[in-house]
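Student: Structure for the following, please:
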Amino acid sequence: MIPPSRRFLLGGPSLAAVLFLLLLVALVPSDSVASRRPRQAGPDTPWEDLRSVLSSPEVLHIPTVIEWKEQCLDPMIFDQYPMPEPFHLFGYDIGYAPAGVCMVHMSCMYPGCKYMFAGPESCPADTPNCIRYNSVLEPPFDSGDLFDDEMELPAAVLHPKTASDVVRGVEFAKEHGIGISVKVMGHSYFGSSTARGTLLIKMSTNYASYGIDGSVTECGVGVHEVGTADGMACDLAEARGKKAYLRVGGGELFDTGYRAVFFDWNENAANQNKYHFVGGYCGTVSAAGGWMHSGGLSGASMRLHGIGIDQVLHVEMVLPGGQHVRFGPTKWKEEREGFYIYPETTEVTGYCNANVHDDESLWEWTQCEDDIDFSDLWYAVRGGGGGTFGLVTSLYYQLHDLPGTLQVVRALDPELTTREDTTKTITLLHDYLKFSLTFLYLPERLHNVSQFESRSCNSPAAFLSVPAGGELYCHNSAGDKFIEEWKMYIKEDGETGKEYGEDAELLAQAEDLFTINREFPSQGFVTLRKEEPHMGRLQDDFGVKLSADVGKGFDHVPLYTVTNYLDELVEMLINEAFAGAISSFYLMGGAVPESTDRMNSLSPLRRDAALARTTLTSPELYKAFYDLVWRDANLTTSDSDFPGIFCHNHASNENMGPLKEDWSQPCPSLLEMSQEEREKKCVSQAESFWGTANVARLEEIKKTIDPDELFICNAGIGASSPFVGGVEGPDDDENDDKDDGTGSPASSSFCSKAFVVVIAFVLATSLVL
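Tutor: Residues are numbered from 1 along each chain as shown. Modelled structure (predicted):
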């Protein structure tokens, strides 16, 4: 099918006119966002000039390959086999290493986060020096072993203590044409937090952690001056029916943010009101970085209060132009249309810091001299990806009333894989899935479940498509309600009771399928470490990883699929399970569709999803899934705006959208097709995250806010795939073959364009004559 934008070529204007149009197009510089890689610092970059204007000289560091080996890699190597158990290298262990180049996803030190070292075949059971995930480095450790020519090692690392340091770093990079990468702990699946030859601004080392210093602020207590950050944050919080907010620093982790709310505040008997903070699951994830920028999944409570971007009241950041700004909504519709929980934002106001190089107590926020569209920024930074539109130095998050204790509901069928009569297992699996999805998304179909009780149950990718130990996190005693309703369902409505009502043993197993496994005073206690190392801090999930996250991601099941095709969805999940594809789910829906302020860049399908599910790798299963997803959408032609399918919080560099010609067919992998071919045939990676309409607007904002393209990172707006093209060097005005930023010399680009102009002119003229 030919897109409407190209159909004019088939008729109407003469060929001569078309060729003349080609001439005009060739003459006009393209204003589209180029696909780029970050610009590299040159060997003569005057780093001492930057060091001389920072708060202290030691906050700037020039990293080396040996430092990466010693500080990041060596802690993962053992000289004996088997490895000591349990082995867990925490983000806390390497995240504050002095060089600043370690990251949780360690393989992202290499292009595309591809693991460069020998595989499992080089690591038999009796081989020492094995690294976790059965990967290996074989001694001696010379530079050849480390593939240092492939490493995404930054040219310099800035560990800012102040906003002034950040501004100085951005101004220096802008002056010298050097790309900027941003990192807190390096949780990015894409490796967005590092890039070869860039100035890496590492926020977590020295920058202020406001949360742990007691930044919970109750609105209405004291005087909140109009126009100040706390005044603007409180005005919006109160318009949303919230009483308090938490301020976190640009390098702050959820570990400190959670402890500030759930322990320092809530456990203080002097504080009458107790609060809940909607955040990520992992303690070493940044509270003000990529988690929020990419949407912000909160597995324990987003069905109650919305996702991370919906919690933001006020933003403070440094823009690519070097301005230190803060901004937030100042006008909204008081009447909440339809089913929306929060009022619609209609105006965003921002200010510039006229005194950024002084102590924070002396900061002076004034009208900006530059024309900055703060509504665009509010839209872009909340959902449009991190490391792209500038660098956040502080966020203000709304807090909610504490929703009671948290019950962890566990689902386990002890004979899931051993029951002799598999039809019984299938029947019980059918009831498990249908009841769970009904409780979560169609509670009115059950005996006595309220929307509030339904939304009180969540899951941080811990709920499974089979009852094999998966978990729900339920507030407000909803775990008790879930089990109570299940026991009635299995007897009265479920297929198990109808088909096997006389099988007492099976019914007993069915009734006990769900249990309250653990219970906590609040979400903060769920992953609290009660032993060393790092006792009193929050767990960091699987810890530091050297394995490559290839092909990993989360697709989305729309709410309308659950509502309209529940039985077919259940049967599809059962078929997947028996094909060996067991999914884990982030539970969405509930308050997520209703919490938008209608000024953020989350994709439409993601906002209206019921589930975020692990990506299917089988083309057959993928097609069956998307045939069901797109059934009512009528969007499977190249003329339509793609709505976005992937979660930007959890995906790999290889992820791309489906085939342009058939959205139910996955894009071939890099083993099947080159990246250049994939980009021609498949929906772009950006559109697969944000949707066509959002990408168009984000690209326009990117051009305006970052015309020099300082902030380019993997899987960000304007970035090219790490699997295609090269990495740029610095600009050199004296070089006739200066790199134009697209991987080709500017002179070659000009000559090619000039050639097209000449040919177009000759052909057009000859046809006219």
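
Student: List the residues that contact the spatially closest residue to Gly250 that is not a sequence neighbour.
Tutor: On the basis of CB to CB, 6 or more residues apart in numbering, the spatially nearest residue to Gly250 that is not a chain neighbour turns out to be Thr393, at 4.2 Å. C-betas here are computed from N, CA, C, even on glycine. Contact analysis of Thr393 by CB atoms under 8 Å, 6 or more residues apart in numbering lists Ala163, Val166, Tyr207, Gly249, Gly250, Glu316, Met317, Val318, His324.

Student: Assumed Thr393 was part of a strand.
Tutor: Yes. Under DSSP: H, G, I helix; E, B strand; the rest coil, Thr393 falls within a strand.

Student: Now do it against Val348, distance only.
Tutor: Counting by CB to CB, to the nearest Å, the gap from Thr393 to Val348 is 18 Å.

Student: how near is the residue nearest to Gly250 to Lys530?
Tutor: Distance from Thr393 to Lys530, by CB to CB: 33 Å.

Student: which non-adjacent residue is nearest Ser193?
Tutor: Lys183 (3.6 Å).

Student: Over to Gly385?
Tutor: Gly716 (4.9 Å).

Student: same check, this time on Ile307
Tutor: Nearest to Ile307 is Gly296, by CB to CB, 6+ apart, at 4.9 Å.

Student: Next, that neighbour: secondary structure please.
Tutor: Quick answer, by three-state DSSP: Gly296 is coil.

Student: which helices and strands sit right next to the helix or strand harbouring Ala173?
Tutor: With secondary structure defined by DSSP states H and E, Ala173 is part of helix 163-176. Helices and strands touching helix 163-176, by 3 or more CB pairs under 8 Å, 6 or more residues apart in numbering; DSSP states H and E, are helix 47-51, strand 156-158, strand 180-183, strand 199-202, strand 312-318, strand 324-332, strand 391-401.

Student: Any chance of those in a markdown table with mean pLDDT and distance to Ile426 as columns?
Tutor: Output for those, formatted as a markdown table (pLDDT from 0 to 100; distance: least, CB to CB, whole Å):
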| stretch | mean pLDDT | distance to Ile426 |
| --- | --- | --- |
| helix 47-51 | 98 | 65 |
| strand 156-158 | 98 | 55 |
| strand 180-183 | 98 | 47 |
| strand 199-202 | 98 | 52 |
| strand 312-318 | 98 | 45 |
| strand 324-332 | 98 | 50 |
| strand 391-401 | 98 | 41 |
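
Student: got the residue ranges for the helices in the stretch 201-350 of the chain?
Tutor: Applying DSSP state H, counting those that start in this stretch to the stretch 201-350 of the chain gives helices spanning 229-239, 254-258, 290-293, 302-305.

Student: Also the stretch 501-650 of the chain?
Tutor: Here the stretch 501-650 of the chain has its helices, by DSSP H, counting those that start in this stretch, at 504-511, 559-564, 566-578, 604-607, 619-629.

Student: List the buried residues in the last one.
Tutor: Read it as helix 619-629. Under the neighbour-count criterion of 16 or more other CB atoms under 10 Å, helix 619-629 has Leu621, Tyr622, Lys623, Ala624, Phe625, Tyr626, Leu628, Val629 buried.

Student: Next one: the closest residue to the fourth one other than its chain neighbours, what pLDDT does it get?
Tutor: Leaving aside its sequence neighbours, Ala624 sits nearest to Met572 (CB to CB, 6+ apart; 6.1 Å). With respect to pLDDT, Met572 has a value of 97.

Student: got the contact list for Gly280?
Tutor: Residues in contact with Gly280, defined by CB under 8 Å, 6+ apart, are Phe254, Ala287, Trp291, Gly296, Leu297, Ser298, Gly308.

Student: so can I have JSON lines of the residues you listed showing pLDDT and neighbour count?
Tutor: Formatted as JSON lines, the contacts of Gly280 follow (pLDDT from 0 to 100; neighbours: other CB atoms under 10 Å):
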{"residue": "Phe254", "pLDDT": "96", "neighbour count": "26"}
{"residue": "Ala287", "pLDDT": "96", "neighbour count": "30"}
{"residue": "Trp291", "pLDDT": "96", "neighbour count": "26"}
{"residue": "Gly296", "pLDDT": "97", "neighbour count": "26"}
{"residue": "Leu297", "pLDDT": "94", "neighbour count": "25"}
{"residue": "Ser298", "pLDDT": "94", "neighbour count": "27"}
{"residue": "Gly308", "pLDDT": "98", "neighbour count": "24"}
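
Student: Just the closest of those to Ala577, please.
Tutor: Nearest to Ala577 among those: Leu297, at 23.5 Å, using CB to CB.

Student: pretty sure that closest one contacts Gly308?
Tutor: Yes. The pair Leu297 / Gly308 is scored as a contact, 7.3 Å apart, by CB atoms under 8 Å.

Student: Look up how far Gln451 lies from Pro443.
Tutor: From Pro443 to Gln451 the distance is 6 Å (CB to CB).

Student: So those two - more neighbours on which side?
Tutor: Pro443 (19 against 11; other CB atoms under 10 Å).

Student: can you give me phi and psi for the more buried one?
Tutor: phi -60, psi -20 (degrees, to the nearest 10).
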